[in-house]
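Engineer: Sequence and predicted structure are below.
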Amino acid sequence: MTVMNFGYACINLCLANEGIVTNKGMIRRTFLERGIQYSSQLALQNVLALIKILEWNVTQGISVFRITSDLFPWASEYKLKEMPDFNEIRNILEEAGKLPIRVSNHPGPFNKLAGTGNTLKNTITDLEIHSELFDLMGLNPSHWNKINIHVGGVYGNKEEALKRFAQNFKLLSENLQKRITVENDDKKGLYTVSELKILYELSSIPIVFDYFHHKLHPGLQTEEEAFIAAYETWDVKPMFHYSSSRRENEDPTARREAHADYVYERITTYGKDVDIILEAKMKEKALMKYLKEFGAMAVSN
DNA sequence: GCATGTCAAGTTGTG
DNA sequence: CACAACTTGACATGC
């Protein structure tokens, strides 16, 4: 029997309605005026909101959640422990880390580990902050709590870019290396699961299978082939991504890669045991609706 | 309060 | 060829 769990990403609409959000931030000008003091204040509010959302999830029986990348405003510009409220923040995160919920995160598209120069430097800084968050939460470094990114750039030569990614991967801290996963891209020129497998051979980085991206850019593999190929790269239960097409289900004028508000199809997992993050604009509401429509054993083989 | 213009970062291909 | 899409719209100002 498969024991699958579903989760959602970053925002809880029900709690956001009450002002409980984890991504309070500021524009550059404000940061220059108010600095780390204000970052610290916002970060404290963000982590307090985070633990409330995680607790809400646990209460609702939701055991998979993606944490925002915006907990610490402008964190690339200072060390977390320099924040005036750091001790309090750390205590809250430590408590949050004890909750029975599988958390992950998904650093932004600005992270280009196959990049060079400042792009690479900024990428390493940002990724390390994500890893530090999980360290602060007391999470044992592994792919169970993935820090998932795209390769995302070809730079004129896919093979070379993948090799560079593998080289730069070695520059990351030990804990971060143990957490990194890569996801198949939706754009025609970027990376399919079978291409990411080349990176897996070099660096043993597990592949996150994104169903929707595969539909948009399958390469030569069927969904089942790509799913299984990705599945085989994992050393813990995989965490995969699912979303429906906005264009097909909700708005014919939407871009092909835009996510829908809800999930409209029963998800197929080919008899395998995986966790799935639903990437739907209606967040936990989409998850609840999916489970209601398709049942707790909400997959077909 | 609510409308509106603006907002760090990288890369790609759609419209 | 601007800009939307990706992780997730949200900040700041002025009425």
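Structural biologist: On my side now, so go ahead. On a predicted model such as this, the values are computed, not experimentally measured, just so you know.
Engineer: What lies in contact with stretch A:50-63?
Structural biologist: Contacts of stretch A:50-63 with the rest of the structure, by C-beta atoms under 8 Å, 6 or more residues apart in numbering, involve A:5-8, A:12, A:14-15, A:20, A:22, A:65, A:67-68, A:71, A:92-93, A:95-96, A:99-103, A:284, A:287. All C-beta spots, glycine's among them, are computed from the backbone N, C-alpha and C.
Engineer: Quickly find the element holding whichever residue of the stretch 151-300 of chain A sits closest to DNA strand B.
Structural biologist: Across the stretch 151-300 of chain A, no residue is closer to DNA strand B than residue A:189, which sits at 2.2 Å (C-beta to the nearest atom of the strand). Under the assignment given by DSSP states H and E, residue A:189 is not contained in any helix or strand.
Engineer: is it true that it touches residue A:154?
Structural biologist: Yes: in this structure residue A:189 lies within contact range of residue A:154 using C-beta atoms under 8 Å: 5.9 Å.
Engineer: Out of those two, name the residue with the larger neighbour count.
Structural biologist: Neighbours were tallied for residue A:189 and for residue A:154 using other C-beta atoms under 10 Å; the higher tally belongs to residue A:154 (17 against 9).
Engineer: Just the pLDDT at that one, thanks.
Structural biologist: According to the prediction, residue A:154 has pLDDT 94.
Engineer: Same question for residue A:259.
Structural biologist: In this model, residue A:259 carries a pLDDT of 89.
Engineer: Over to residue A:250?
Structural biologist: Here, the pLDDT recorded for residue A:250 equals 87.
Engineer: Just give the nearest non-adjacent residue to it, would you?
Structural biologist: Here the nearest residue to residue A:250 in space, its sequence neighbours aside, is residue A:260; by C-beta to C-beta, 6 or more residues apart in numbering that works out to 5.3 Å.
Engineer: Pretty sure the one you found sits against residue A:281.
Structural biologist: Yes: between residue A:260 and residue A:281 there is a contact under C-beta under 8 Å: 6.9 Å.
Engineer: Those two - which one has more neighbours?
Structural biologist: Remark: of residue A:260 and residue A:281, residue A:260 carries more neighbours, 22 against 17, as counted by other C-beta under 10 Å.
Engineer: one step back: shared neighbours, residue A:260 and residue A:281?
Structural biologist: Counting by C-beta under 8 Å, 6+ apart, the contacts common to residue A:260 and residue A:281 are residue A:246.
Engineer: Tell me which residue of chain A is positioned farthest from its centroid.
Structural biologist: In terms of distance from the mean C-alpha position of chain A, residue A:33 ranks first, at 31.1 Å (C-alpha atoms, centre = their mean).
Engineer: Downstream of the lengthiest helix in chain A, the next helix or strand is which one?
Structural biologist: For chain A, the longest helix by residue count, based on DSSP state H, is helix A:28-60. Going down the chain from helix A:28-60, the next helix or strand is strand A:64-67, by DSSP H and E.
Engineer: contact partners of the helix or strand that that next one is followed by?
Structural biologist: Using DSSP H and E, the helix or strand that directly follows strand A:64-67 along the chain is helix A:86-97. The list of residues contacting helix A:86-97 from outside it, by C-beta under 8 Å, 6+ apart, reads A:40, A:43-44, A:47-48, A:50-51, A:54, A:80, A:83, A:133-134, A:136-139.
Engineer: at 6 Å instead, please
Structural biologist: Defining contact as C-beta atoms under 6 Å, 6 or more residues apart in numbering, one finds that helix A:86-97 is touched by A:43, A:44, A:47, A:50, A:51, A:54, A:136, A:137, A:138, A:139.
Engineer: Quick one: mean pLDDT for it?
Structural biologist: Helix A:86-97 shows an average pLDDT of 97 in the prediction.
Engineer: Just the CA atoms of it, as PDB, please.
Structural biologist: This file holds the C-alpha atoms of helix A:86-97, laid out as PDB (Å, rounded to 0.1, in the frame of the first residue of the first chain):
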ATOM      1  CA  PHE A  86      18.200  36.300  16.700                       C
ATOM      2  CA  ASN A  87      17.900  34.300  19.900                       C
ATOM      3  CA  GLU A  88      14.100  34.600  19.900                       C
ATOM      4  CA  ILE A  89      14.000  33.700  16.200                       C
ATOM      5  CA  ARG A  90      16.200  30.700  16.800                       C
ATOM      6  CA  ASN A  91      14.100  29.400  19.700                       C
ATOM      7  CA  ILE A  92      10.900  29.600  17.600                       C
ATOM      8  CA  LEU A  93      12.600  27.900  14.600                       C
ATOM      9  CA  GLU A  94      13.800  25.200  16.900                       C
ATOM     10  CA  GLU A  95      10.300  24.600  18.100                       C
ATOM     11  CA  ALA A  96       9.000  24.700  14.500                       C
ATOM     12  CA  GLY A  97      11.500  22.000  13.600                       C
END
